[in-house]
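Visitor: here you go, sequence then predicted model.
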2 protein chains.
Amino acid sequence: MSLQSALFRSSPVARPKKALTIDNINPHLLEADYAVRGKLAIRAEELRDRLKAGDTSLPFTEVINSNIGNPQQLDQRPITFFRQVLSLVQYPDLMLSPYADKIFPPDAIARATGLLEEIGSLGAYSHSQGVPCIRQSVANFIAERDGFPADPKDIYLVGGASSGVSNLLTTICNGPETGVMIPVPQYPLYSATLAIVDATPVPYYLNEADRWSTDPGHIRQAILGALAKGVKVKAVVVINPCNPTGSSLSRQDIKDILALAAEHGILVVADEVYQTNVYGSEFHSFKKVLREAQRDHPGVFDDVELASLHSTSKGMVGECGQRGGYVELIGINDDVMEQFYKLVSISLCPAVSGQVLTEVMVNPPREGDPSYPLYRQEYDHIYSTLKTRALALYEAFQQMDGVSCQPPMGAMYLFPTITLPAKAIKKAQDLGTAPDQFYCMQLLEATGICVIPGSGFGQKPGEYHFRTTFLAPGDDHIQRMIRFHNGFVAQYS
Amino acid sequence: MSLQSALFRSSPVARPKKALTIDNINPHLLEADYAVRGKLAIRAEELRDRLKAGDTSLPFTEVINSNIGNPQQLDQRPITFFRQVLSLVQYPDLMLSPYADKIFPPDAIARATGLLEEIGSLGAYSHSQGVPCIRQSVANFIAERDGFPADPKDIYLVGGASSGVSNLLTTICNGPETGVMIPVPQYPLYSATLAIVDATPVPYYLNEADRWSTDPGHIRQAILGALAKGVKVKAVVVINPCNPTGSSLSRQDIKDILALAAEHGILVVADEVYQTNVYGSEFHSFKKVLREAQRDHPGVFDDVELASLHSTSKGMVGECGQRGGYVELIGINDDVMEQFYKLVSISLCPAVSGQVLTEVMVNPPREGDPSYPLYRQEYDHIYSTLKTRALALYEAFQQMDGVSCQPPMGAMYLFPTITLPAKAIKKAQDLGTAPDQFYCMQLLEATGICVIPGSGFGQKPGEYHFRTTFLAPGDDHIQRMIRFHNGFVAQYS
């Protein structure tokens, strides 16, 4: 067909509609909801832009993004050794400079040199599963953490845990008959990804009164309830330490979940990206508890399948924008692993710089290394800052009428319950918005503080929560939040 | 349920099967095929590992990965200015060093400083669409390239073009009734992604005899043929310059495709990652040709929707492992754009270091800048090296019996036709393998050179091709390839 015939055929009357309309694109995507970067975050961006443009009409002078665990957007500084190594592998000529040893400690230079020998260039695609020597470092880290060996063959480096989750759920889900258990509340990456892959989320409630613990009896009920509806639960997602609740599971909770997985033949997806963010509690990895259970109860836990995720975005690393991390896959059949490998190979490899960051996260300077004292000092400073801020925010919630909150145990979040006045609930309903969404939007408009309503994570009907990070520095915003809340309650009482 | 009851219930007899088996995971993933990192690449890795372990029994001493456009895995060096900026933004303390100006040119320091003012830290999540000032630089680049304006609102920075394609196809596809036209031969990212999202690939043949040009009459037939089978073509993928054929489309070819898109209401997905890899031909962007057509034929092309992809992995940049690039979305309804935004926001943001690389790719040193002479020299050296190697390989194919190849015009590949002797075809069939797969595996085992059979990209029935990059340095491997080929033909004649 020539252009002329196209012109001839394309009379205005006959012209087709747009190729893409909201009615003909992927309906599963339409169903997906991701509140962390949803309406509140978009409104916060608008307000920030107005402030930046010199708008003085707002009742605040800064927007505080407590909606997302993004510590380096606030005042957290990166760990020096990590950035030195990344800088050197980006520009290896630096090491040829006569000033190199005046700028970089010898262990940073040695690490960069060793990595470059294996990698060649940050600009080359790596193995789709990740650079082999870095996967070995991850395996060593896991072995040291758990006291049980790990195999680099089971490790996949990922561009942030989110992409690991997406690839994992894409691999295992087979339509609406596939059930994947997700906690309520949950990090909405899971519900959104399940919507997109058209699998069925099977919710199980966390027990707020008992520090958001898991209840195996309730999980078992949910498995059976799903089965009665024709949905076979294939996986259970556990986020530990927990986003959004800030809780941390006991060893017994973990063992109970593994026992259910053994009994029902269910993959455990352990989102452990906050494994170093524990405050006054101990982190127990699913892998370690599994290996202990396999040792202590021969035969019972042998077939358990586990995917454990870790990330460079959280912990004391906090390098969200660098997109690093790994997933360890345990007990999974080789032919299924091959399919997972094929899927990750289609996008070639995760960013090699993020892989290098994963290397230094799992293999940081050790006692005796030149960089160790500074590393230790930076790490401890970040940890104590996070803990202090968590407690300060927790204390503030005690001063707010009708707010109750479990004590901070892990992750970067608090997830208080708010008792909203009946008039506020009525007002929200009149506006056609969820009551906690209404509350959070009012908070943002009044104070510049952006938090996410509990409805974005899931909660029991009739309950209202919000999730806030405790990353923001200083006390001012906390005082603003208290004043807003007490004013809001007074206004609608 | 207690652990005890789990132990009780989990008798060996009753124990369920593994949660994940090849029969119950995503069947669409099973269908996907990605030859670029398939059997040949895996075998090449094994052979490389054997050489590394000191195995001297192989008939070669090095493995050459001509299966993948990965120039920095071979001898291509990164462009110095790019790496200087990346190194500085990774470790901003470098700029405080008294030696900084002895190591880094002032324009690299200025660029890094400016970017850090906007970004804050490479370790912070950016806007999900990408850092605003970098999207502005991309828009400026497109405007300068095309002579028509571009809008940062339409630009999405991506973690490599592959993730852009995956997100785009996930957004637009709605089950098997959605048809997406793909060229034959094509880069298998497209067929693999369509398999996973369960849409229907609608193939259209490229015309090898006419330098792999597109044939609008054939495309139109394919659209109508699909419709007759109940498949509505929603998008047409065009790879220009072309992977795997190494061709480059004329302005008329592009205009004809846009006219078909206007006539039938079809999104054009223009994979333009090789836009600077043109040798003896001129690159015409789909965006420019679209804007010209809109100007020259009022009303006809107004509703055309276009997605144009670019990458930091190809061109003279060649930074595959850094995972940068962008997609520009033109003419797409706002409500559809919102869904695309939501999808990308679920994985938060592409690696910010890859975004910075995109910035320096689209906004390199200009004449008069301190870094310009070195940049120019490096850029020109890479370009002339690629062109020389392309021609050398092309010449070599002239010396091989039964091999014919179109002249190199673009991208990083040649895609010769091979006439295989009947006995070789028979032998392959006896082994249950595709004849061109058999040929390529024999080539690998005999020479260490890894290329990909045409069957991995698609070809007309009864034809045989292979795709090879022309990135490898030197002449030795070319001589080995000639000797192998002529020996193979002699053996099976």
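Guide: That came in fine, so what should we check first?
Visitor: ok and the residue in the stretch 351-493 of chain A nearest chain B?
Guide: Nearest to chain B in the stretch 351-493 of chain A, going by C-beta to the nearest C-beta, is A:Val352, at a distance of 3.7 Å. The way it works is simple: take the backbone N, C-alpha and C, and place the C-beta from them, glycine included.
Visitor: next up, the contacts around that residue.
Guide: A:Ile119, A:Leu122, A:Gly123, A:Ala124, A:Tyr125, A:Ser126, A:Val131, B:Gly321, B:Gln322 (C-beta atoms under 8 Å, 6 or more residues apart in numbering or on different chains).
Visitor: correct me if wrong: the last one contacts A:Leu122.
Guide: What that stands for is B:Gln322. Yes. Between B:Gln322 and A:Leu122 there is a contact at 6.2 Å, judged by C-beta atoms under 8 Å.
Visitor: ok, and the most crowded of the contacts of A:Val352?
Guide: B:Gln322 (34 neighbours; other C-beta atoms under 10 Å in any protein chain shown).
Visitor: contacting residues for that residue?
Guide: A:Leu122, A:Gly123, A:Ala351, A:Val352, A:Ser353, B:Leu86, B:Thr312, B:Ser313, B:Ala351, B:Ser353, B:Gly354, B:Leu357.
Visitor: show me the shaky parts of the stretch 1-150 of chain A.
Guide: By pLDDT under 70, the weakly predicted segments of the stretch 1-150 of chain A are A:1-16.
Visitor: who touches both of B:Gln322 and A:Leu122?
Guide: With C-beta under 8 Å, 6+ apart, B:Gln322 and A:Leu122 have common neighbours A:Val352, A:Ser353.
Visitor: buried residues in whatever helix or strand A:Arg135 lives in, which are they?
Guide: According to DSSP states H and E, A:Arg135 maps onto helix A:132-146. Neighbour counts using 16 or more other C-beta atoms under 10 Å in any protein chain shown place A:Pro132, A:Ile134, A:Arg135, A:Gln136, A:Ser137, A:Val138, A:Ala139, A:Phe141, A:Ile142, A:Arg145, A:Asp146 of helix A:132-146 among the buried residues.
Visitor: excluding its backbone neighbours, what's nearest the third one?
Guide: So that's A:Arg135. Computed as C-beta to C-beta, 6 or more residues apart in numbering or on different chains, the closest residue to A:Arg135 that is not its neighbour in sequence is A:Pro152, at 3.9 Å.
Visitor: equivalent analysis for the last one, please.
Guide: Residue nearest to A:Asp146 in three dimensions, not counting chain neighbours: A:Lys288, with 3.8 Å by C-beta to C-beta, 6+ apart.
Visitor: relative to helix A:132-146, how tilted is the helix or strand where that neighbour lies?
Guide: Using DSSP H and E, A:Lys288 sits in helix A:286-296. If you take axes from the mean of the first three to the mean of the last three C-alpha atoms, to 10 degrees, helix A:286-296 sits at 60 degrees to helix A:132-146.
Visitor: do a quick rundown of the helices in the stretch 51-200 of chain A.
Guide: A:80-90, A:100-103, A:106-119, A:132-146, A:161-172, A:189-197 (DSSP state H, counting those that start in this stretch).
Visitor: highest average neighbour count across these?
Guide: Burial of the helices of the stretch 51-200 of chain A is given as mean neighbour count (mean count of other C-beta atoms under 10 Å in any protein chain shown); helix A:80-90 ranks first at a mean of 25.
Visitor: and it, does that touch chain B?
Guide: Yes. Counting by C-beta under 8 Å from any C-beta of the partner chain, chain B has neighbours in helix A:80-90: A:Thr80, A:Arg83, A:Gln84, A:Leu86, A:Ser87, A:Leu88, A:Gln90.
Visitor: now for that helix, which elements pack on it?
Guide: helix A:106-119, helix A:352-362, helix A:372-398, helix B:80-90 (3 or more C-beta pairs under 8 Å, 6 or more residues apart in numbering or on different chains; DSSP states H and E).
Visitor: quick one: the last one to helix A:352-362, angle?
Guide: Yep, that's helix B:80-90 we're talking about. 40 degrees.
Visitor: how are the strands of the stretch 151-300 of chain A distributed by residue range?
Guide: Along the stretch 151-300 of chain A, the segments classed as strands by DSSP state E, counting those that start in this stretch run A:155-157, A:178-184, A:200-205, A:232-239, A:267-271.
Visitor: tabulate the residues of helix A:80-90 next to chain B in CSV, adding columns for distance to A:Tyr394.
Guide: CSV is the format used below for those (distance: C-beta to C-beta, whole Å):
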residue, distance to A:Tyr394
A:Thr80, 30
A:Arg83, 32
A:Gln84, 35
A:Leu86, 35
A:Ser87, 37
A:Leu88, 41
A:Gln90, 40
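Visitor: got the residues of the stretch 101-250 of chain A near chain B?
Guide: A:102-103, A:119-128, A:159-160, A:162-163, A:166, A:170-174, A:189, A:192-193, A:196-197, A:216-217, A:220, A:234-235.
Visitor: and stretch A:85-100, how far out from the chain's middle?
Guide: 32 Å (C-alpha atoms, centre = their mean, to the nearest Å).
Visitor: what's the span of it, first residue to last?
Guide: This stretch, stretch A:85-100, spans 12 Å end to end (C-alpha to C-alpha, to the nearest Å).
Visitor: do the same with stretch A:320-337
Guide: 27 Å.
Visitor: just the mean pLDDT for that stretch, thanks.
Guide: For stretch A:320-337, the mean pLDDT works out to 97.
Visitor: buried set for that stretch?
Guide: Buried, per 16+ other C-beta under 10 Å, within stretch A:320-337: A:320-333, A:336-337.
Visitor: so how far is it from its chain's centroid?
Guide: Chain-centre distance of stretch A:320-337: 15 Å, with C-alpha atoms, centre = their mean.
Visitor: next one: stretch A:329-344
Guide: 23 Å.
Visitor: hmm, who's touching it?
Guide: Here stretch A:329-344 has contacts from A:128-129, A:154, A:156, A:167-168, A:170-171, A:267, A:287, A:290, A:303-308, B:18, B:20-22, B:25-26, B:29-30, B:32, B:34, B:196, using C-beta under 8 Å, 6+ apart.
Visitor: what sits closest to A:Ala390 if chain neighbours are left out?
Guide: A:Pro408 (3.9 Å).
Visitor: wait, doesn't that neighbour sit right on A:Thr388?
Guide: No. Judged on C-beta under 8 Å, A:Pro408 makes no contact with A:Thr388 at a distance of 10.6 Å.
Visitor: which of the residues in stretch A:381-392 are buried?
Guide: Neighbour-count burial for stretch A:381-392 [16+ other C-beta under 10 Å]: A:Ile382, A:Tyr383, A:Thr385, A:Leu386, A:Lys387, A:Arg389, A:Ala390.
Visitor: residues in contact with the last one?
Guide: What that stands for is A:Ala390. Per C-beta under 8 Å, 6+ apart, neighbours of A:Ala390: A:Gly246, A:Tyr279, A:Pro408, A:Leu414, A:Phe470.
Visitor: let's see 10 Å
Guide: By C-beta atoms under 10 Å, 6 or more residues apart in numbering or on different chains, A:Ala390 lies in contact with A:246, A:277, A:279-280, A:407-414, A:469-471.
Visitor: and the helices in the stretch 201-350 of chain A?
Guide: Using DSSP H, counting those that start in this stretch, helices in the stretch 201-350 of chain A cover A:216-228, A:251-264, A:286-296, A:334-346.
Visitor: check which residues of the shortest one are buried.
Guide: This points to helix A:286-296. A:Phe286, A:Lys287, A:Lys288, A:Val289, A:Leu290, A:Arg291, A:Glu292, A:Ala293, A:Gln294.
Visitor: elements contacting that helix?
Guide: Other helices and strands packing on helix A:286-296, by 3 or more C-beta pairs under 10 Å, 6 or more residues apart in numbering or on different chains; DSSP states H and E, are helix A:132-146, helix A:251-264, strand A:267-271, strand A:306-311, strand A:325-330.
Visitor: which residues are contacting stretch A:365-375?
Guide: A:79-82, A:84-85, A:104-108, A:110-111, A:316, A:360, A:364, A:376, A:378-379.
Visitor: now stretch A:376-396: how far from the chain's centre is it?
Guide: Worked out by C-alpha atoms, centre = their mean, stretch A:376-396 lies 19 Å from the chain centre.
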